[in-house]
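A.B. asks: Coordinates for the following, if possible.
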Amino acid sequence: MHVSDLCDAHLLALEALDAAEQGCFRAYNVGTGIGHSVREVLDTVGDVIGEHVPHEVGARRPGDPPVLVASNDRIRTELGWCPRIADLRSMVSHAAIWRRDHPEGYGET
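C.D. replies: Predicted coordinates:
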């Protein structure tokens, strides 16, 4: 999930909350609707930053689902939200650029 899309979803949910009756509560998934394996994420990060990402491969933990993808159908239907940046390479590239430009994080304001 791209941070900009996550912010947009939160703002829409807050606007809907303001318009809703007191005590009304709705939960929304804000995933892209596209699943990525840990391997795919590691490979994409390594490709974008130009170096291998150190990691260890271990056995699947008991109870881990083989696939887990968030459905964003409810927030699309009820609030009209959809991710603008849904491809993994773009998400990783934007994060890498931000990190390059802010090596110390946010720092003091």
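A.B. asks: For the residue lying closest to Ile85 once chain neighbours are set aside, give me its contacts.
C.D. replies: Nearest residue to Ile85, sequence neighbours excluded (Cβ to Cβ, 6 or more residues apart in numbering): His2, at 4.0 Å. Quick note: C-beta positions are derived from backbone N, CA and C, even for glycine. Residues near His2 by Cβ atoms under 8 Å, 6 or more residues apart in numbering: 83-86, 90-91, 94.
A.B. asks: Return the members of those residues classed as buried.
C.D. replies: Buried members of these, counted by 16 or more other Cβ atoms under 10 Å: 83, 86, 91.
A.B. asks: Out of these, list just those in helices.
C.D. replies: Met91 (DSSP state H).
A.B. asks: Name the spans of the chain whose pLDDT lies under the cut-off.
C.D. replies: 20-23, 108-109 (pLDDT under 70).
A.B. asks: picking up where we left off before, just give me the closest of the buried ones among the contacts of His2 to His52.
C.D. replies: Taking Cβ to Cβ as the measure, Met91 is the one of the buried ones among the contacts of His2 closest to His52, at 19.6 Å.
A.B. asks: Next, the contact list for that closest one, please.
C.D. replies: If you count contacts by Cβ under 8 Å, 6+ apart, then Met91 has 1-2, 85 around it.
A.B. asks: Relative to Ile34, which of those is nearest.
C.D. replies: After measuring those against Ile34 - Cβ to Cβ - the closest member comes out as Met1, at 10.1 Å.
A.B. asks: Isn't the closest one up against Thr32?
C.D. replies: Yes: between Met1 and Thr32 there is a contact under Cβ atoms under 8 Å: 6.2 Å.
A.B. asks: Cool, thanks, signing off.
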